[in-house]
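Peer 1: Need the 3D shape of this:
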Amino acid sequence: MDKSPIDQLDKNVENEEEAELQVPPPADVEFCHQVVRRQIPPEMIDPDAAKVIRRLTHFGYDAYLVGGCIRDILFGLQPKDFDVATSALPAEVKRLFRNCRLIGRRFRLAHLLFKRGKIIEVATFRRNATEEDDVSGTHAAENLFGGPGDDAIRRDFTINALMYDVGGLADIETRTLSAIGEPDRRLPEDPVRIIRAAKFAARLDLTIEPNLKEAMRRHAHLVLDCAPARLVEEFLKILRSGAASKSLELLLEVGVLAKLLPKVAVQVEDSQSSGDYWKYLRRLDDKIHIGDHVGDGTMVTLLIYPMCSYVLEEKGDMARKLEELLADLLGPMKFTRRQLTQVRQIFLAQRRLRYGPKSRRSRKLLQREYAAEALDFFELISETASEKELLHSWLKAFVNRRREAPVPRKRYRRRSGANDEPDRTSPPRERRERREKSEKSEKYEQDKSGDQPDPIGPVGGKKPRGSNPL
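Peer 2: I've put the predicted structure just below:
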């Protein structure tokens, strides 16, 4: 009889021992320390992250790759970013790395900056507070440093604590999403974990543990207690994850979507627009899977388009009607003013896109900074053959405009004291030569007529410097 993958892993267990914990684990957490050797392909590890690990260990600190990067590797996915957990304090990390920048008030972290905008996050092991700790200061309880075991207990789900074996490998094999500890205790600590659970389950095709799913339903109302910026950030991560349709279905099932976007949830559940709603989200997922970039404004516009597409058919002040609809459909989530402006611009551009790029007035749309996002959105909602033909003609006009765009000429300042009219398109040398030629011509005319310039200057003017008429 063939052994399961977990049995095969047990052969590679080097040792099993009790980890030293500075703080005893909560009663609902069963903790053990196990070292398992797994061969990870070198090409899946970022070389800069490997250098960070080697440098920290060279100076005597413990350092591990943790969290989402290990989770994605075990699922066979290429990680998007790499995080490091270490025993070095933030100030010690800054001394070791010249490219280090310390950030954060709630969580003091070190960001290591590399080429092309790459950032590797380095965090010190943290632990839970005890009765002896002074946590009266702001965010003091979030910056108590501990060991690897203490840090593992603080994490949200087992699949995100894979630098240590706390059941995460078993959950990877069974494709199960479980909380570390009792879900009724861990979810109220940070209600954003409910949104993250739906994202992980949809993106990695996991089954949510029944106890965790019931806790997500019970504590769905707590998500509105989180910082609005965090909610918007996590929601946009869901939309750009490539599994937006499945994630939002889960959020609708556990009641979180009804708290974040109540009007959208009601429309999706009760109206006929729900079919278009999920269809557009699946198109968004397909576009992201092939590697296309989709802007935040396009994704948010797609989220509400089935509920307000009728505005494009009405006459009158469409901008004012759209303003009222956005406030109604996107509340109580607080998107930034820039994101809401992008949504309005993309939506209003759809009426002009329907007429094609034949007229000069229509082609002016291509000069706007939101033209690319408006075309992306038009591609996602195109249904008929005529609409797809219009999209093709617009994309062709957009490409041709970028090729034929004139290179802006360098503009120069006008020098003080010039007598000629300002000519900002000419180089300074040509302007100086023309000014000198003009001065010579004026001097020749004065000599020819016999007129001499007034030594005092014009009436009411300033006296020339160095002159003394007396």
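
Peer 1: From here on, just use CA atoms for contacts and neighbour counts.
Peer 2: OK.

Peer 1: Tell me, how many residues neighbour Leu261?
Peer 2: Using other CA atoms under 10 Å, Leu261 has 17 neighbouring residues.

Peer 1: now the strands: where do they sit in the protein?
Peer 2: Under the criterion DSSP state E, the chain contains strands at 13-17, 33-36, 63-66, 83-86, 100-103, 109-113, 119-124, 176-177, 207-208.

Peer 1: Summarise which helices and strands the third one is packed against.
Peer 2: I take that to be strand 63-66. helix 47-58, strand 83-86 (3 or more CA pairs under 8 Å, 6 or more residues apart in numbering; DSSP states H and E).

Peer 1: For Ala123, find the nearest of these.
Peer 2: Closest of the helices and strands packed on strand 63-66 to Ala123 is strand 83-86, at 4.9 Å (criterion: CA to CA).

Peer 1: Dump that closest one to PDB, restricted to CA.
Peer 2: What follows is strand 83-86, C-alpha atoms only, in PDB (Å, rounded to 0.1, in the frame of the first residue of the first chain):
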ATOM      1  CA  ASP A  83       9.700  37.900   4.000                       C
ATOM      2  CA  VAL A  84      12.400  37.200   6.600                       C
ATOM      3  CA  ALA A  85      12.000  36.600  10.300                       C
ATOM      4  CA  THR A  86      15.100  36.900  12.500                       C
END
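
Peer 1: strand partners of it, parallel vs antiparallel please.
Peer 2: strand 63-66 (antiparallel), strand 119-124 (parallel) (DSSP bridges).

Peer 1: got the contact list for the shortest one?
Peer 2: Right, the one you point to is strand 63-66. By CA atoms under 8 Å, 6 or more residues apart in numbering, the residues outside strand 63-66 that reach it are 53, 56-57, 82-87, 160-163.

Peer 1: and the strands paired with strand 83-86 as TSV, adding distance to Gln342?
Peer 2: What follows is the strands paired with strand 83-86, written out as TSV (distance: least, CA to CA, whole Å):
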stretch	distance to Gln342
strand 63-66	36
strand 119-124	27
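
Peer 1: just checking, Lys246 touches Ala202?
Peer 2: Yes. Contact status for Lys246 versus Ala202: in contact at 5.5 Å, counting by CA atoms under 8 Å.

Peer 1: re the thing from before, how about TSV for the contacts of strand 63-66, with pLDDT and distance to Asp286 added?
Peer 2: Below are the contacts of strand 63-66 laid out as TSV (pLDDT from 0 to 100; distance: CA to CA, whole Å):
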residue	pLDDT	distance to Asp286
Ile53	87	36
Leu56	89	40
Thr57	85	42
Phe82	88	25
Asp83	89	28
Val84	90	32
Ala85	90	34
Thr86	90	38
Ser87	88	41
Asn160	76	26
Ala161	72	30
Leu162	66	30
Met163	66	32
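
Peer 1: and which of these is nearest Val254?
Peer 2: Val254 has its nearest neighbour among these in Asn160, at 21.9 Å by CA to CA.

Peer 1: can you count the residues close to the closest one?
Peer 2: The number of residues packed near Asn160 is 22, by other CA under 10 Å.

Peer 1: Would you enumerate the residues in contact with it?
Peer 2: Residues in contact with Asn160 (CA under 8 Å, 6+ apart) are 66-68, 70-71, 168.

Peer 1: Return the member of the residues you listed nearest to Asp270.
Peer 2: Nearest to Asp270 among the contacts of Asn160, with distances taken as CA to CA, is Gly68, at 36.7 Å.

Peer 1: Which pLDDT value goes with the closest one?
Peer 2: Looking at Gly68, its pLDDT stands at 82.

Peer 1: returning to that earlier point: how about the strands paired with strand 83-86 in a markdown table, adding mean neighbour count?
Peer 2: Shown next, in a markdown table, are the strands paired with strand 83-86 (neighbours: other CA atoms under 10 Å):
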| stretch | mean neighbour count |
| --- | --- |
| strand 63-66 | 21 |
| strand 119-124 | 22 |
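
Peer 1: And those strands, which one averages the lowest pLDDT?
Peer 2: Note on those: strand 63-66 shows the lowest mean pLDDT, a mean of 86.

Peer 1: Pop the domain breakdown of this protein in here.
Peer 2: 182-257, 261-403 (automatic domain parsing).

Peer 1: Comparing those by mean pLDDT, which bottoms out?
Peer 2: domain 261-403 (a mean of 88).

Peer 1: thinking again about what came up before, can I get the contacts of strand 63-66 in TSV including distance to Phe398?
Peer 2: Formatted as TSV, the contacts of strand 63-66 follow (distance: CA to CA, whole Å):
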residue	distance to Phe398
Ile53	46
Leu56	50
Thr57	52
Phe82	37
Asp83	40
Val84	43
Ala85	47
Thr86	49
Ser87	53
Asn160	44
Ala161	47
Leu162	47
Met163	48
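
Peer 1: Which of those are buried? Put it as a PyMOL command.
Peer 2: Restricted to buried positions by 16 or more other CA atoms under 10 Å, the PyMOL selection for the contacts of strand 63-66 reads:
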select buried, resi 53+56+57+82+83+84+85+86+87+160+161+162+163
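
Peer 1: Quick check: of the contacts of strand 63-66, which lies closest to Arg217?
Peer 2: Of all the contacts of strand 63-66, Arg217 sits closest to Asn160, with 21.8 Å by CA to CA.

Peer 1: Please tell me the pLDDT value assigned to Val29.
Peer 2: pLDDT, Val29: 68.

Peer 1: Pull up the distance across stretch 321-335, start to finish.
Peer 2: 19 Å (CA to CA, to the nearest Å).

Peer 1: Hmm, I typed the wrong one, I wanted stretch 57-64.
Peer 2: One end of stretch 57-64 to the other measures 9 Å (CA to CA).

Peer 1: Stretch 288-301 too?
Peer 2: By CA to CA, the extent of stretch 288-301 from end to end equals 16 Å.

Peer 1: List the buried residues of it.
Peer 2: By neighbour count with 16+ other CA under 10 Å, stretch 288-301 contains the buried residues 288, 294-301.

Peer 1: can you check stretch 329-336 too?
Peer 2: For stretch 329-336, the neighbour count (16+ other CA under 10 Å) marks 329-331, 333-335 as buried.

Peer 1: try stretch 240-253
Peer 2: By 16+ other CA under 10 Å, the buried positions in stretch 240-253 come out as 240-248, 250-252.

Peer 1: Any chance of JSON lines for the residues you listed, columns distance to Glu373?
Peer 2: Below are the buried residues of stretch 240-253 laid out as JSON lines (distance: CA to CA, whole Å):
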{"residue": "Arg240", "distance to Glu373": "15"}
{"residue": "Ser241", "distance to Glu373": "18"}
{"residue": "Gly242", "distance to Glu373": "18"}
{"residue": "Ala243", "distance to Glu373": "20"}
{"residue": "Ala244", "distance to Glu373": "19"}
{"residue": "Ser245", "distance to Glu373": "20"}
{"residue": "Lys246", "distance to Glu373": "24"}
{"residue": "Ser247", "distance to Glu373": "23"}
{"residue": "Leu248", "distance to Glu373": "23"}
{"residue": "Leu250", "distance to Glu373": "28"}
{"residue": "Leu251", "distance to Glu373": "27"}
{"residue": "Leu252", "distance to Glu373": "27"}
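
Peer 1: Mind checking which of these are in helices?
Peer 2: Among these, the members found in helices (DSSP state H) are 244-248, 250-252.

Peer 1: wait, which of those residues is closest to Val268?
Peer 2: When these are compared against Val268 (criterion: CA to CA), the nearest one is Leu252, at 9.2 Å.
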